[in-house]
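A.B. asks: dropping a prediction and its sequence here:
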2 protein chains.
Amino acid sequence: MLKNKIPKPTGSELEILRLLWENGPSSVRSVNEQLNLKKETGYTTTLKFMQIMLDKKLVTRNTDSRSHIYKAAINQEETQRDLLGNFVDNVFGGSAMSLVMQALGNHDASPEELDKIKDLIKKMEGK
Amino acid sequence: MLKNKIPKPTGSELEILRLLWENGPSSVRSVNEQLNLKKETGYTTTLKFMQIMLDKKLVTRNTDSRSHIYKAAINQEETQRDLLGNFVDNVFGGSAMSLVMQALGNHDASPEELDKIKDLIKKMEGK
DNA sequence: TTGATTTTACGAAAAACTTCGTATAAACTT
DNA sequence: AAGTTTATACGAAGTTTTTCGTAAAATCAA
């Protein structure tokens, strides 16, 4: 069965998804408090976003208790993969390699991180 | 001297910038034709975008001849770096490494590409 | 030179995204 | 139970981004 296409989250929606991924299922209040650590956001604004996201099937919610508990409905890694694919296309003309080279080059990687990459490369060469 | 902050290009603006980077200074007609290879776009729509971009200083133009010639006013690599930084923050919570790992993992890299990365890693370890 | 074509300028509609006010209902508080 | 607080629902206003119609100017062709 074909999976219903779920729309790409907007920037604000992604912020909320990231909180839900990080903290697990949460109330609007809790998400709103987290958002406010970064930037002033009205409670009803956050509520509205989460209702829109519910509509778009980006989240589900449990309405057993008075304060509804929202839960991410899309997978973090898969979403990152999709967005990364778009980004590579839009910004790096489809060349994942030039993105990797830039990301690596612009970032002060620790020896451990470099080791991880080397391992991955070995695996890729091996197969 | 502080460089005047030039706004981040929108998605559509970026498409046009990519053409200007790739093909060099171009007329509206030429950009519009390129865009139309990917998706139907009205001529005046393209024109309007390029006028907006001029306004935002994303491009400059030469008006000597009747058909104005537009030129990217921002640097490709620098722009890619900026956008990449934002993207890493927004989607990968600031972890460039997890982005690199995903990008590498999701992409069938050729041996040559892997070699290039290995070289880069060596350089990074060396210093 | 007159009419057709190509171009720019401008404004504004349309669409997508963000923000919030207000109403209403539920549930604490005293 | 009455008043206060906390929640959701809903609509709509505000912004940003995208799209395009129309007019006017410049060029080209017969």
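C.D. replies: In hand now; what should we look at?
A.B. asks: residue A:98: helix or strand, and which one exactly?
C.D. replies: helix A:96-105 (DSSP states H and E).
A.B. asks: by contact count, what packs against that helix?
C.D. replies: helix A:76-92, helix B:76-92, helix B:96-105, helix B:111-126 (3 or more C-beta pairs under 8 Å, 6 or more residues apart in numbering or on different chains; DSSP states H and E). Just so you know, the C-beta spots here come from the backbone N, C-alpha and C atoms, and that holds for glycine as well.
A.B. asks: give me the contact list for the third one.
C.D. replies: Residues from elsewhere that reach helix B:96-105, judged by C-beta atoms under 8 Å, 6 or more residues apart in numbering or on different chains: A:77, A:80-81, A:84, A:88, A:96, A:99-100, A:103-104, A:106-107, A:109, A:113, A:116-117, A:120-121, A:124, B:87-88, B:91-92, B:117.
A.B. asks: list the buried residues of that helix.
C.D. replies: B:96, B:97, B:98, B:99, B:100, B:101, B:102, B:103, B:104 (16 or more other C-beta atoms under 10 Å in any protein chain shown).
A.B. asks: next: the second one.
C.D. replies: Of the residues in helix B:76-92, those buried under the neighbour-count criterion (16+ other C-beta under 10 Å) are B:76, B:79, B:80, B:82, B:83, B:84, B:87, B:88, B:91, B:92.
A.B. asks: stretch A:10-26 now?
C.D. replies: A:13, A:14, A:15, A:16, A:17, A:18, A:19, A:20, A:21, A:26.
A.B. asks: out of the residues you listed, who's nearest residue B:8?
C.D. replies: For the buried residues of stretch A:10-26, the residue nearest residue B:8 by C-beta to C-beta is residue A:14; the value is 16.0 Å.
A.B. asks: isn't that closest one right up against residue B:90?
C.D. replies: Yes: here residue A:14 reaches residue B:90: they are 6.1 Å apart, a contact under C-beta atoms under 8 Å.
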